[in-house]
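1. predicted model and sequence below, questions to follow.
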Amino acid sequence: MTDQPIDALTEEQAANEAADLRPQLLKWGQQYYDADAPAVEDDVYDRVYARLVALETAFPAIVTPDSPTQRVGGSTRGDLPKVTHDIPMLSLGDVFSIDELKEFDERLRSNVEDDFDYNCELKIDGLAISLRYENGEFVQGSTRGNGQIGEDITANLKTIKSIPQTLSRPLTIDVRGECYMPKAAFLALNERREAAGKAPFANPRNAAAGSLRQLDTQVTADRQLATFMYNIADYGPLNTRTQSGLLDELAELGFTTNATYQVAHNMDDVAAYIDQYQAQRSDLPYGIDGIVIKANSLPLQRSIGATVKVPRWAIAYKFPPEEVETVVRDIKWTVGRTGIVTPTAVMDPVALAGSTVARASLHNPDYLEAKDIRLGDTVLLHKAGDIIPEISQYITAKRPADAQPYPVPTHCPSCGAELVHLDEEVALRCINPRCPAQLAEGMNHFASRNAMNIAGLGPQIVSQLFDRKLVDDVASLYRLTTDQLLTLDKFGEKSAQNLLTAIDNSRNNSLERLLFGLGIRHVGAKAARSIAAEFGDIDHLMAADSEQISAIDTVGEIIADSVVTYFASDQVQQLIAELREVGVNLTFTGAVPASDGEGQFAGQRVVLTGKLQELTRPEATEWLEQHGATVTGSVSKKTDLLIAGEAAGSKLTKAQSLNVPIWNEAQLQAAMDETK
């Protein structure tokens, strides 16, 4: 892209420049919309796109049918069913300054005889969706796709709590809006991905898009997506005739709408609204990247119409990127609970989006190499999704002449063990179970209720045990004495004895609890139980290969490879020998889970809700699964049984409306006693 003024170009020069820009924009668009993995910052794409629009506006003859300016959004996935939008889902035109916004206002008013108001709304940073209701019942949901054809994501959308399954009135309508991931959910998701050795999502928008286009609805359900609905394909069935009234009526029907909208009578009102939310954007619990300004009259919207790509009655004001310069002084490698070794840039402190920032994660070695960040670099820093400090790029002209690529460590910075770069992982990992950086967090997990269930051994006590060097791994827990525990803060004879009793009792746990407690990557409680039941004891498991382990139902190659890699470690083998020496049970003593088609609840989908008094939720789930049930988290027409404890809420109500059989805890206990 050149900086040459467009009015100084010939048509041939403009055509040549446009031909260079189109493939780059198409590639960036595919990475953003379809792969959910943007390669450049939004403002870079917007700047190049705006240049192409300006070229094609000045020289209409150079427009090509495949130009990004003639397309809406992205394409569609080949493995998702397609949906044709009877009324196209358009995207919005963008402006980047108040002057451009005033030009839009003047252009619109020149084509409209009567005075009119605007409705100002926050531009939610998410994925556009369409919801189809027939006689008030949710029947289909889809993505925007290319504007004409989207993807059917009905099953995934049904997992989102803010989407009503039934409206308050029996209307047949297509409602449009935005599906987004709240900032807190985005942070938690990226923490889980990095702990699992996966690349983090770049921003909440791409995280939401990736979550909605999953083939597994449980993945979508776990990601805590939310929606704001703000438009309707045809306003005919509604009572209102204004955009602001539309938002109110959608809320009355049961949709979640964004209450921050404001009717603006002139451009001064619009500018004040922009200033207000540009200042507040970092404080909002969801990401926004601008303001949408719409003609408030719905009949006026219809009369003004749209181009092939954008409505003429609306525009998006895009916030300028908030970036600051700072200098990278160090790159530190830290070890997380699961052994992931992460590089972090340590920089000169700078004020950015309402806080002082001095550190930014570089995520993994591949990311560090791609960004090519070096010590002494002057870099541009922004907050991805208004949340996470992120380095966008280094400034070439300010790079020190002697700067060298930063070396990736080969050994753990905490314990010195050789680091592992496992297949399908972008992360480096330390798998030494004695690694000091992992031990405290690992011991908390080991003692947790679903693992070894050592009552009274919480994070504060674990921290004291390590600080006083009374433990160095989970095996050393079983060598603790009363005298040692009495040295801990607020510990007396009774509390010391209670903890020793809980530790001693855990020696007799069945093997699956130990396997889960060891924190083997990808091995959850359910997989641990299946593996323990299959092999019977730790020795047979440690002698098994990946093919033998992956042959177990519900245990695939990824889990099997992780188990084999874990037990191949010399340090792990030494730990198992110590656990054997201190008397920890290494055999499976639990009930064997029912095979397919077997058990009292074979083939049944069961949901647990409310607070159980005699059982914990994991204990009830474990027993039900051992007897053939599939325990799910939501009630639907496919649910065979709901077990309701105290204070059961919406799940109980829904089960009653669907005539799903309902048990209380006493009935579950009776079934358990009968089986015994």
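-> Now that the structure is in, tell me what you want to look at.
2. which helix or strand in this protein has the lowest average pLDDT?
-> helix 42-58 (a mean of 76; mean pLDDT, DSSP states H and E).
3. that one packs against which elements?
-> helix 11-29, strand 94-95, strand 314-318 (3 or more Cβ pairs under 8 Å, 6 or more residues apart in numbering; DSSP states H and E). Placement of C-beta: from N, CA and C, glycine included.
4. list the helices and strands the second one packs on?
-> So that's strand 94-95. If contacts are counted by 3+ Cβ pairs under 8 Å, 6+ apart, strand 94-95 sits against helix 42-58, helix 98-109, strand 314-318.
5. extract the C-alpha trace of the shortest one and format it as CSV.
-> What it means is strand 314-318. Extracted C-alpha coordinates of strand 314-318, given in CSV (Å, rounded to 0.1, in the frame of the first residue of the first chain):
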residue,chain,number,x,y,z
ALA,A,314,-26.2,2.8,9.6
ILE,A,315,-22.5,3.3,10.2
ALA,A,316,-19.9,1.9,12.6
TYR,A,317,-17.5,4.4,14.3
LYS,A,318,-14.4,2.3,15.0
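6. what's the next secondary structure element after it?
-> Once strand 314-318 ends, the next helix or strand along the chain (criterion: DSSP states H and E) is strand 324-335.
7. distance from that next one to the middle of the chain?
-> Relative to its parent chain, strand 324-335 has a centroid offset of 25 Å by Cα atoms, centre = their mean, to the nearest Å.
8. for it, buried residues please.
-> Of all the residues in strand 324-335, those buried under the rule 16 or more other Cβ atoms under 10 Å are 326, 328, 331, 333, 335.
9. which one of those residues is nearest to residue 674?
-> Of all the buried residues of strand 324-335, residue 674 sits closest to residue 335, with 49.4 Å by Cβ to Cβ.
10. tell me the contacts of the closest one?
-> Shown here is residue 335, whose contacts under the criterion Cβ atoms under 8 Å, 6 or more residues apart in numbering are 341, 412-414, 430, 435, 437-438.
11. check what pLDDT the one residue sitting closest to the centre of the chain gets.
-> Among the residues of the chain, the smallest C-alpha distance to the mean C-alpha position (Cα atoms, centre = their mean) belongs to residue 189, namely 4.1 Å. According to the model's per-residue confidence, residue 189 sits at a pLDDT of 86.
12. same question, the one 5 residues further on
-> On pLDDT, residue 194 comes in at 76.
13. farthest pair within the contacts of residue 335?
-> Looking at the contacts of residue 335 by Cβ to Cβ, the two members farthest from one another are 413 and 438, with 12.0 Å of separation.
14. looking at the two, which one has more neighbours?
-> With neighbours defined as other Cβ atoms under 10 Å, residue 413 and residue 438 compare such that residue 438 has more, 24 against 15.
15. quickly find the element holding the residue nearest to the centre of the chain.
-> Residue 189 is located in helix 183-195, with elements delineated by DSSP H and E.
16. out of the contacts of residue 335, which are inside strands?
-> Taking DSSP state E as the definition of strands, these contribute residue 341.
17. ranges for the helices of the stretch 451-600 of the chain?
-> Under the criterion DSSP state H, counting those that start in this stretch, the stretch 451-600 of the chain carries helices at the ranges 459-467, 482-485, 493-506, 511-517, 525-535, 538-543, 546-550, 557-567, 570-581.
18. need the ones you listed in TSV with distance to residue 625, can you?
-> Shown next, in TSV, are the helices of the stretch 451-600 of the chain (distance: least, Cβ to Cβ, whole Å):
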stretch	distance to residue 625
helix 459-467	29
helix 482-485	37
helix 493-506	22
helix 511-517	12
helix 525-535	7
helix 538-543	20
helix 546-550	19
helix 557-567	17
helix 570-581	26
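19. do you know which of these lies nearest residue 305?
-> Judged by Cβ to Cβ, the one of the helices of the stretch 451-600 of the chain that comes nearest to residue 305 is helix 557-567, at 51.7 Å.
20. re earlier: quick one: which of the contacts of residue 335 sit in helices?
-> In helices, defined here by DSSP state H, the members of the contacts of residue 335 are 437-438.
21. now list the buried members of the contacts of residue 335.
-> Neighbour counting with 16+ other Cβ under 10 Å marks 341, 412, 414, 430, 435, 437-438 as buried within the contacts of residue 335.
22. closest to residue 26 among those?
-> Looking across the buried ones among the contacts of residue 335 and measuring by Cβ to Cβ, the closest to residue 26 is residue 341, at 36.7 Å.
23. which ones are touching the closest one?
-> Residue 341 is in contact with 333-335, 409, 412-413, 419, 427-430, counting by Cβ under 8 Å, 6+ apart.
24. want to throw the residues you listed into a markdown table with pLDDT and distance to residue 383?
-> Listed next are the contacts of residue 341 as a markdown table, based on pLDDT from 0 to 100; distance: Cβ to Cβ, whole Å:
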| residue | pLDDT | distance to residue 383 |
| --- | --- | --- |
| 333 | 91 | 23 |
| 334 | 86 | 21 |
| 335 | 85 | 26 |
| 409 | 92 | 28 |
| 412 | 92 | 30 |
| 413 | 90 | 27 |
| 419 | 91 | 30 |
| 427 | 84 | 23 |
| 428 | 88 | 26 |
| 429 | 87 | 28 |
| 430 | 89 | 30 |
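25. from the residues you listed, which two are the most distant?
-> Of all pairs drawn from those, the widest gap by Cβ to Cβ lies between 413 and 427 and measures 14.2 Å.
26. looks to me like residue 351 is in a strand.
-> Yes: assessed by DSSP: H, G, I helix; E, B strand; the rest coil, residue 351 belongs to a strand.
27. and the gap between residue 670 and residue 176?
-> For residue 670, the distance to residue 176 (Cβ to Cβ, to the nearest Å) stands at 50 Å.
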